[in-house]
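J.: need coordinates for the below:
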Amino acid sequence: MAGKIRRLKKPITLEGKGLHTGELSVLKLSPTDELGIWVEKEGERYRLQDLEADGSFRGTTLFLPDGSSIKTVEHLLAALSGLGVWQVAFSIEGSEVPALDGSCLPLAEELIKNVEEFSLDEQFSLDVTFPVWVRDEDRGAFVAAFPSNTFELSVVVNYGTERGITQAMEYVHQEESFIKELAGARTFVLEEEIEEIISRGLGLGGTKDNTIVVPLKGPIPGLRYPDELARHKALDLMGDLALLGVPLKGLVVSYKGGHVLNVELTKRLKRACVLGE
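T.: The predicted structure is shown next:
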């Protein structure tokens, strides 16, 4: 949208273990003179929206033209999008974005200290002009985008009658409220999923400090918000929608959604909607 966005003023470096690989990696964010979010690798630079993405590995993975990939980018992209930082480049030493505390709050707090606001003359958004949706009929899940004058999220998580967990939250985007409402929501896993995740070679960097374990029965311990599961799903959704490479103007509704559906929705939005209209 025409108006104000933010750009990075000076470099930021954060390091830590990846949530799934368990390997140490270093995230570097750098100022750039070019509008957009850029991915850097060995002297090459790529526009985020030009890269292929996949959401089927318990997170969102970017694929670079040289055949390499960057895993678990959703929290990084959520922090940039949530704070309106649409002029920045980033690179990874390693294969996965550091998990930090399982949310994007540590990164968001660093960003907010190192960005500056500036005005755009041109239109810079992707506007939802008619309903666009994707669904998983087997799970009864869907993610849908509708026209709106703002960027809004409506998210429902539902883990069935046995567990008895249903959470819902609505978020109307304002950059000043992002840190308070979404940035601190941490990733989570269902207790009975852990063994299967580890058997796939994933979750090797998960700890009690960066991952909420949702028990089959009983209350969820140590939540930052009563509805933290829904808030984290909203955070993931915001990060995945940033794959568009520009701010989105629309209402996005997610019911039992996840990265696979989120990424597919971004692909359909790219085909269906027109930048700046």
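J.: could you use CA atoms for every contact and neighbour count after this?
T.: Will do.
J.: would you confirm that Leu100 contacts Pro106?
T.: Yes: contact criterion CA atoms under 8 Å: Leu100 and Pro106 qualify, at 7.1 Å.
J.: tally of neighbours for Lys4?
T.: The number of residues packed near Lys4 is 12, by other CA atoms under 10 Å.
J.: just the CA trace of the helix or strand that it is a member of, in PDB.
T.: Using DSSP states H and E, Lys4 maps to strand 3-8. The C-alpha trace of strand 3-8 is given here as PDB (Å, rounded to 0.1, in the frame of the first residue of the first chain):
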ATOM      1  CA  GLY A   3       2.200   5.200   2.600                       C
ATOM      2  CA  LYS A   4       4.900   4.300   5.200                       C
ATOM      3  CA  ILE A   5       7.000   1.200   5.600                       C
ATOM      4  CA  ARG A   6      10.200   0.500   7.500                       C
ATOM      5  CA  ARG A   7      13.800  -0.300   6.400                       C
ATOM      6  CA  LEU A   8      16.700  -1.700   8.200                       C
END
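J.: okay, buried residues for it please.
T.: For strand 3-8, the neighbour count (16 or more other CA atoms under 10 Å) marks 5-8 as buried.
J.: tell me which residues are up against it.
T.: Around strand 3-8, the neighbours that count as contacts under CA atoms under 8 Å, 6 or more residues apart in numbering are 30-32, 83-88, 111, 114-121, 123.
J.: stretch 106-114 too?
T.: 8-10, 12, 14, 76, 79-80, 83, 100, 179, 183.
J.: do that again at 10 Å, thanks
T.: Residues outside stretch 106-114 that contact it (CA atoms under 10 Å, 6 or more residues apart in numbering): 6-14, 27, 29, 31, 75-76, 78-80, 82-85, 100-101, 105, 178-179, 183-184.
J.: quick one: low-confidence residue ranges for the stretch 1-150 of the chain.
T.: Along the stretch 1-150 of the chain, segments meeting pLDDT under 70 span 1-2.
J.: all strands of it, in order?
T.: Ranges of strands in the stretch 1-150 of the chain, per DSSP state E, counting those that start in this stretch, are 3-8, 12-17, 24-30, 36-41, 44-47, 52-54, 61-63, 69-70, 85-93, 115-120, 126-127, 132-136, 141-146.
J.: format the ones you listed as CSV; extra columns: distance to Asn262.
T.: Below are those laid out as CSV (distance: least, CA to CA, whole Å):
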stretch, distance to Asn262
strand 3-8, 24
strand 12-17, 25
strand 24-30, 24
strand 36-41, 19
strand 44-47, 19
strand 52-54, 10
strand 61-63, 12
strand 69-70, 17
strand 85-93, 20
strand 115-120, 28
strand 126-127, 16
strand 132-136, 8
strand 141-146, 7
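J.: please identify the most buried of the ones you listed.
T.: When those are scored by mean count of other CA atoms under 10 Å, the highest mean neighbour count falls to strand 126-127 (a mean of 23).
J.: now for that strand, which elements pack on it?
T.: In terms of contacts (3 or more CA pairs under 10 Å, 6 or more residues apart in numbering; DSSP states H and E), strand 126-127 is packed against strand 248-255, helix 259-272.
J.: okay, buried residues for the longest one please.
T.: This points to helix 259-272. Buried residues in helix 259-272, defined by neighbour count with 16+ other CA under 10 Å: 259-267, 269.
J.: wait, which of those is closest to Glu23?
T.: Glu23 lies nearest to His259 out of these, by CA to CA, at 22.0 Å.
J.: quick one: stretch 112-128 to chain centroid distance?
T.: Relative to the centre of its chain, stretch 112-128 is centred 18 Å away, using CA atoms, centre = their mean, to the nearest Å.
J.: end to end, how far does it reach?
T.: Stretch 112-128 has an end-to-end distance of 28 Å (criterion: CA to CA, to the nearest Å).
J.: hmm, back to that, ok, Leu100 and Pro106, which is more surrounded?
T.: Ranked by neighbour count (other CA under 10 Å), Leu100 and Pro106 place Leu100 first, with 20 against 15.
J.: what separates that one from Leu19, distance-wise?
T.: Taking CA to CA, one finds Leu100 at 8 Å from Leu19.
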